[in-house]
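# What follows is a predicted protein model with its sequence.
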Amino acid sequence: MKRGISVLLTVYASVPVIFYLFPWILGHAIFAHLLRFPFFVDLGRPEDVLNHTCNFYLNTEEGISVGVWHTLPASQWEKSARRSPEWYQETLGDGTPVIIYLHGNVGTRWDKSSRIETLELILMDAAGYHVLSLDYRGFGDSTGEPSEAGLTNDALYLYHWVKKHSRGSLVCLWGHSLGSGVATNAAVKIQEQGSDIATYLCTNFFHLFFQMYRFLPGFESLLWNVLERINIVFANDKNLKTLTSPLLILHSEDDNVVPYHMGLEVQKLSTDAHIDMISYSANLGFSHSNIYLDPNLSAAIR
């Protein structure tokens, strides 16, 4: 018994040391892009799992190809049978708002828990929305290796691509979990470029894994030191102090990955009037990925 406890304590204490000596391991732990759940979905064939959706690829940088799914609003469904990706691209100019969905880690553009059911709700709205879901570099079947700068650049490239083809339609960023950090990074850069954007944050960026070490003396400073060395910050706090675009935060009180108080802190960071937060009672059991179960979600997004 004592030997077992000693082994567990040794393993527990050695993890921060390993991160310090091999910081790239921490990067892989944060992005978790190699897991690619679910395993058996052909991302090149969205029609196998989601109707009225086409797949295409964008070259966001030299040598970097990222996969994108484009799901049509309900108003375009009847016309979409056997249509090409080029036809889907043309529909972006129909005046309907566009949502760019930025998923979390351990995910792909087929993000069943927090994307597909959400789409079923918002797309059935009378007006509907175009939804483009991106796999950042290194995720899904996209090429390259992930980095904070790389993920942000991929999101920015897709945003400008959509703006070019949507002919002035409203474009919104929707970030879930890790994707919320990508969303605020991109939103700040878009704002600096003089454009307007709306942002949805489905919980702030954090990881349950690190909560195991929050009581270990010196771990927090060690963690930030390693993150700075590998250029991973996702500074939602800094971003929201300067962001003036409309912002909606969705957070469940029983979130077991991102503590609810962090959502409240994020809300307080923005002094702009165009910010709203919708909280969900722990009794609803929405946790980290089930906010799509809210029957009023579509109205909230409108």
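Yes, it's here.
# And the helices in the stretch 101-250 of the chain, which stretches?
Along the stretch 101-250 of the chain, counting by DSSP state H, counting those that start in this stretch, helices occupy 117-123, 148-166, 178-192, 208-211, 219-229, 236-242.
# Now do the contacts for the closest residue to P46 other than its chain neighbours.
Spatial nearest neighbour of P46, chain neighbours left out: T53 (4.1 Å); criterion: CB to CB, 6 or more residues apart in numbering. Heads up, the C-betas are built off the backbone N, CA and C, glycines and all. Each residue near T53 by CB atoms under 8 Å, 6 or more residues apart in numbering is listed here: P46, E47, W69, H70, T71, L72.
# Which ones among the residues you listed map onto strands?
W69, H70, T71 (DSSP state E).
# want to throw the helices of the stretch 101-250 of the chain into JSON lines with distance to N290, mean neighbour count and mean pLDDT?
Listed next are the helices of the stretch 101-250 of the chain as JSON lines, based on distance: least, CB to CB, whole Å; neighbours: other CB atoms under 10 Å; pLDDT from 0 to 100:
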{"stretch": "helix 117-123", "distance to N290": "8", "mean neighbour count": "20", "mean pLDDT": "59"}
{"stretch": "helix 148-166", "distance to N290": "24", "mean neighbour count": "19", "mean pLDDT": "95"}
{"stretch": "helix 178-192", "distance to N290": "16", "mean neighbour count": "24", "mean pLDDT": "91"}
{"stretch": "helix 208-211", "distance to N290": "16", "mean neighbour count": "12", "mean pLDDT": "53"}
{"stretch": "helix 219-229", "distance to N290": "28", "mean neighbour count": "14", "mean pLDDT": "73"}
{"stretch": "helix 236-242", "distance to N290": "22", "mean neighbour count": "18", "mean pLDDT": "82"}
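# Please name whichever of the ones you listed is nearest to L264.
helix 236-242 (12.7 Å; CB to CB).
# Show me what the closest one is packed against.
If contacts are counted by 3 or more CB pairs under 8 Å, 6 or more residues apart in numbering; DSSP states H and E, helix 236-242 sits against helix 178-192, helix 260-269.
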